[in-house]
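# structural data only, the sequence is not supplied:
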């Protein structure tokens, strides 16, 4: 998944190591403590043209998937320049 707004504060604060921590927390929330992802699921996600939005709040981080059009609108709203 491309980073559309790399200069945004949240993008800068969440370096590569932070994504591992976020994934670990997500897996921890599952009942069996594991998630299996197939090649087909990754391809499907790419075909759906969904983007992960990470929004910081005072004491939390919100993660959600949005369609490409909404992702680019959010980048524009935040003053970023999509590549």
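Now that the structure is in, tell me what you want to look at. As the structure is a computational prediction, the values presented were derived from the model and not from experiment.
# and residue 51, helix, strand or coil?
At residue 51 the chain is in strand, as set by DSSP: H, G, I helix; E, B strand; the rest coil.
# next: residue 30.
Quick answer, by three-state DSSP: residue 30 is coil.
# and the residue nearest in space to the middle of the chain, bridged to which residues?
Among the residues of the chain, residue 52 comes closest to the average C-alpha position under C-alpha atoms, centre = their mean, at 3.0 Å. Beta-bridge partners recorded for residue 52 (DSSP bridges): residue 65.
# hmm, residue 74 is touching residue 64, no?
No - using C-beta atoms under 8 Å, residue 74 is not in contact with residue 64, being 10.4 Å away. Bear in mind the C-beta positions are built from the backbone N, C-alpha and C, glycine included.
# which residues are common contacts for those two?
Shared contacts of residue 74 and residue 64 (C-beta atoms under 8 Å, 6 or more residues apart in numbering): residue 53.
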